[in-house]
Every structure is written in C-alpha cells, then in structure tokens.
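Visitor: sequence first, predicted model second:
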Amino acid sequence: MIEHLKNKWGYYLLGALILVFISFEARGEGDFSIFLAASRDLWGGKNVYTIMYQQWYHYYYGVFFAILLTPLNYVSLYLAKFLWLLLNTFFVYRTWKILSSWLPLEKLSKKALAVFTVLCFVFIFRFLRDNFHLSQLTICILYLTLEGLFFIEKDKKVAGAALIALGIDIKLLPIIIIPYLIYRKEWKATIFVVAFILVFLFIPTLFIGYDFNILLLTERWNLLNPSNAAHVLDTSERSFHSLTTLLATLLVENTGDANHVLHIKRNIADISIEKLNMIINICRGILVLGTFWFLRTLPFRSATSKLHKLYEVSYLCLVVPLIFPHQQHYAFFFAFPAGTYLLFYLVYKYYNTGTTYVGTGFKSKRIVLSSLLFIVFILSSSHLLLGTFNEYYDHFKTLTYGMLLLLVTLVFCEPNKLNQ
C-alpha cells in the first residue's frame, strides 16, 4: 500500500513538472507560428511554399497538415502551442511504451530497469528539449512511424498504414519504411500506406479545389527536390546537420555560408558541386545498403524477434536524418530507438544483477561500449551541456559525427550477442 502511494505521488509530481515545463516552453513564437501562418495563408489562397516566413524560413510540410491545424488558428498562439506540446507529451509516452514493448525488460533487475529508464531519457533529453522549445514536428513524425509499425504488428494494418502515411505526407522522412514493409512481406500494409498517401495528398481538393491543390503539390516538390543545388551544398544555415552538410563542409572550401561560418579551416579538399553530389549519393547508397546488415534474414520473412525488430527499426530511424538534406538538430530525435536499444544492450549485458565476469575481455568490452555511448552523448548534447561554444560545434558538425559513431556502435551490438 505504501509503495503504491509512493508511486502515485511520484506520477503526480512528474505530471506537475511536465505541465510547468510545457507552460514555460509555450511562450514565444517558435516554429509552430510558421505552421499556423501557413495554415492561415492556405485558406487565403496563397502559395504557402513560396512565402518566406519570419523572413527566412519556408513551410515544407504537407497541405493536409496545414488544413488539420485550422482550428488552432482560432485560439491564441500560446494556447495553440500549449495544446501542441501537451499532445507531444503523449507522443513521447507512446513512443517509449512501444520501444519498451520490443525489449525483454522483464530480464532486468528492478535497479537495472530504473537505471536504464533514466539513462534513455538523459541520452535523448537534448533533442526532446529542442523539439519542445521550437514546437517542432519530429516527435510527432517518429510517433506516427512507430505507432504505425506497432499497429501493423498487432494486425491493425489499416490503422497502422494510415498513421505511417500521415507521417510521410506531413514530412517525407518516414518514406524509408515502405521498402522495409515490402521486405518484411507486409503486402497489405504496404498497399494501404500507398493508398493513404494518395488520399492525404488529394483530400485537400475538397477544401481548396483541384487546381490549387495541384499547384501546391508541384511547388512543394520543387522545394523538396533532392537534386536542387541548395540540397547538395546544404550549408545555407549553420545549424544544419546531416551527411550532405558534413560532406559539403569537408569537401568544398567555399560553401557559400561566409556570413555565418567561422574563419577556421574545416575542409580537407575542394571539389566541384557535381563531384560532391556524386559522393553524397554514393554515401547515401552505402547507408541504404547497410540496411541488409541489420535485417539479417532473407526477403519476405518476419523479424526473428521483437528485439531484432527494434534493432533494425533503430537503424532505419537513425539513417533517416543522415541521408535527407536540410536537417536541423531536432531531427535527430529519430535516434531515440537506437539510443534505447544500445542502452538496454549495455545495461543488460554488463550491469544487470547477476552479471559476472566471463573471460578476460568482459571488462574491456564494457568499458569500450560505455565510453562510446558517453562520447556520443557528449557530441550530441554539447549545445545543452556547454552552450558557450555552440558556433564551433555547428561549424565542425560535431552532432553529425556523434550520430555516425552511434551508427557504428549499433553495427557491433547485434541482438544475438546479448545471450553470449
């Protein structure tokens, strides 16, 4: 009874802290004001993909999403942001529950489970905070992706497909899930995902007319087209982080960002834009082909276990912000599954109750994995831990290096090694 009351008051305290945090972060405009402004302009018959909001920023997201936001234009910006952040709190909760359902948490001792949970949220806190602070969409997109996969797993294929399709329509990042569903022989779910994408693309026709909707779809594609020069030399903002941005800063001397770049050499070569584009696409291809390392089964078969499913989904989610251009730091909330998997691997294999030293390499392996994850944490959270040098972190793209190191670490921590 006493333990139950302690848990109860603990949840009340956590809820109160979350509400205080949301109330604080809902102040100011943030990126959510851009989404709402685009929603208003859409109903005004304006081309929302050619307008520069807040003087500098495009609206990149779906037409249907702008329509969905319409009711929030009838309340104050503060209340709209508060409601959005409250919804994002639910998205974080459900994302954590889904990730947990793919892990054998019952194998952890009570103490190890508590440590694992705290470590997961400390690891991802920088990206969690960034998304709340800017009222961004990444948490929502990751939730829609994982909830969709969870529903499909539970044989709720129509609902799961609708969620994944909505995420793709809002922002293209989850489109990588479609070939994954095909590989895993989810034919019905794949067909429904494609069907729902078409529905979400053309349902705005009912509200704004066919011609205007087609115009907007064309303009959006012109904005997102990966062959655009702006997406090859992806350095128009200092805070961009992805494989495209990193390669541009390493292989091109004059990246066209002299107004906000530090005058410290960071390039190791100076090649043409054409060669840069070729190298970027080769590197993207390598990461895409790397998916087969994580799938580890022949095509058209189910994952061998829930833990293995988390392993392969972790890689897919981690690769998403690396291969797509124009990614800000908050997009790396997609590293949440990979971070959760690797922290479980670390805690279960090396720190769980009953763990004993097996062989001379046990201690060294534990130190190596702990150190790698600590380095990833420092590289990815440096903005939050020591913000004085933010311009240096962004100049040298330390966040991207951290995510690449996380990817390499994931390669060597296969599920079948957990029981060895």
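Guide: The structure has been received and is ready for your questions.
Visitor: middle-most residue in this protein, spatially?
Guide: Ranked by distance to the mean C-alpha position of the chain (Cα atoms, centre = their mean), the top residue is Phe334 at 2.3 Å.
Visitor: which residues touch that one?
Guide: Residues in contact with Phe334, defined by Cβ atoms under 8 Å, 6 or more residues apart in numbering, are 138, 142, 173, 317-318, 320-321. Backbone N, C-alpha and C define where each C-beta goes, glycine included.
Visitor: any chance of the residues you listed in TSV, plus pLDDT, distance to Ile279 and neighbour count?
Guide: As requested, the contacts of Phe334 are exported to TSV (pLDDT from 0 to 100; distance: Cβ to Cβ, whole Å; neighbours: other Cβ atoms under 10 Å):
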residue	pLDDT	distance to Ile279	neighbour count
Thr138	96	27	26
Leu142	98	29	26
Leu173	92	22	22
Cys317	97	24	23
Leu318	97	21	23
Val320	94	20	26
Pro321	94	19	24
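Visitor: looking at the residue nearest to the centre of the chain now. What's its pLDDT?
Guide: Reading off the confidence values, Phe334 has pLDDT 97.
Visitor: got it, and Ile264?
Guide: Reported pLDDT for Ile264: 87.
Visitor: spatially nearest residue to it, not counting backbone neighbours?
Guide: Counting by Cβ to Cβ, 6 or more residues apart in numbering, His395 is the residue found nearest to Ile264 once chain neighbours are left out, at 6.5 Å.
Visitor: can I assume that neighbour sits in a strand?
Guide: No: inclusion of His395 in a strand is not indicated when DSSP: H, G, I helix; E, B strand; the rest coil is applied; the result is helix.
Visitor: surely it meets Leu262?
Guide: Yes: when contacts are counted by Cβ atoms under 8 Å, His395 is listed as touching Leu262 (4.5 Å).
Visitor: who has more neighbours, these two?
Guide: Set His395 next to Leu262 and count neighbours by other Cβ atoms under 10 Å: His395 wins out with 18 against 12.
Visitor: please save the CA atoms from stretch 400-418 in PDB.
Guide: Output in PDB follows, covering the C-alpha atoms of stretch 400-418 (Å, rounded to 0.1, in the frame of the first residue of the first chain):
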ATOM      1  CA  THR A 400      26.700  14.500 -37.200                       C
ATOM      2  CA  TYR A 401      29.900  12.800 -36.100                       C
ATOM      3  CA  GLY A 402      28.100  11.700 -32.900                       C
ATOM      4  CA  MET A 403      25.300  10.200 -34.900                       C
ATOM      5  CA  LEU A 404      27.700   8.400 -37.200                       C
ATOM      6  CA  LEU A 405      29.500   7.000 -34.200                       C
ATOM      7  CA  LEU A 406      26.200   5.800 -32.800                       C
ATOM      8  CA  LEU A 407      25.500   4.100 -36.100                       C
ATOM      9  CA  VAL A 408      28.900   2.300 -36.000                       C
ATOM     10  CA  THR A 409      28.300   1.300 -32.400                       C
ATOM     11  CA  LEU A 410      24.900  -0.200 -33.400                       C
ATOM     12  CA  VAL A 411      26.600  -2.300 -36.100                       C
ATOM     13  CA  PHE A 412      28.600  -4.200 -33.500                       C
ATOM     14  CA  CYS A 413      25.900  -4.700 -30.900                       C
ATOM     15  CA  GLU A 414      23.800  -7.300 -32.600                       C
ATOM     16  CA  PRO A 415      20.900  -8.900 -30.700                       C
ATOM     17  CA  ASN A 416      22.300 -12.400 -30.900                       C
ATOM     18  CA  LYS A 417      25.300 -11.200 -28.800                       C
ATOM     19  CA  LEU A 418      23.200 -10.400 -25.800                       C
END
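Visitor: would you mark the buried spots in it?
Guide: Neighbour counts using 16 or more other Cβ atoms under 10 Å place 400-407, 409-410, 413, 415 of stretch 400-418 among the buried residues.
Visitor: what of stretch 167-182?
Guide: Buried residues in stretch 167-182 (16+ other Cβ under 10 Å): 167-178, 180-181.
Visitor: now Phe91: how far from Tyr143?
Guide: 4 Å (Cβ to Cβ, to the nearest Å).
Visitor: of the contacts of Phe334, which is the nearest to Val194?
Guide: Checking these against Val194 with Cβ to Cβ, the nearest one is Leu173 at 16.8 Å.
Visitor: show me the contacts for the nearest residue to the closest one once chain neighbours are set aside.
Guide: In space, and not counting its chain neighbours, Leu173 is closest to Val320: 4.9 Å by Cβ to Cβ, 6+ apart. Contacts here follow Cβ under 8 Å, 6+ apart; on that basis Val320 touches 173-174, 176, 331, 334.
Visitor: report the two of the residues you listed separated the most.
Guide: Greatest spatial distance among the contacts of Val320 (Cβ to Cβ): Ile176 and Ala331, at 13.5 Å.
Visitor: which element follows whichever strand or helix holds Ile178 toward the C-terminus?
Guide: For Ile178, the enclosing helix or strand under DSSP states H and E is helix 177-183. From helix 177-183 onward toward the C-terminus, using DSSP H and E, the following helix or strand is helix 187-202.
Visitor: need the contact partners of the helix or strand just after that next one.
Guide: The helix or strand immediately downstream of helix 187-202 is helix 205-208, counting by DSSP H and E. With Cβ under 8 Å, 6+ apart as the test, helix 205-208 has contacts from 42-43, 45, 63, 67, 213, 216.
Visitor: sounds good, over and out.
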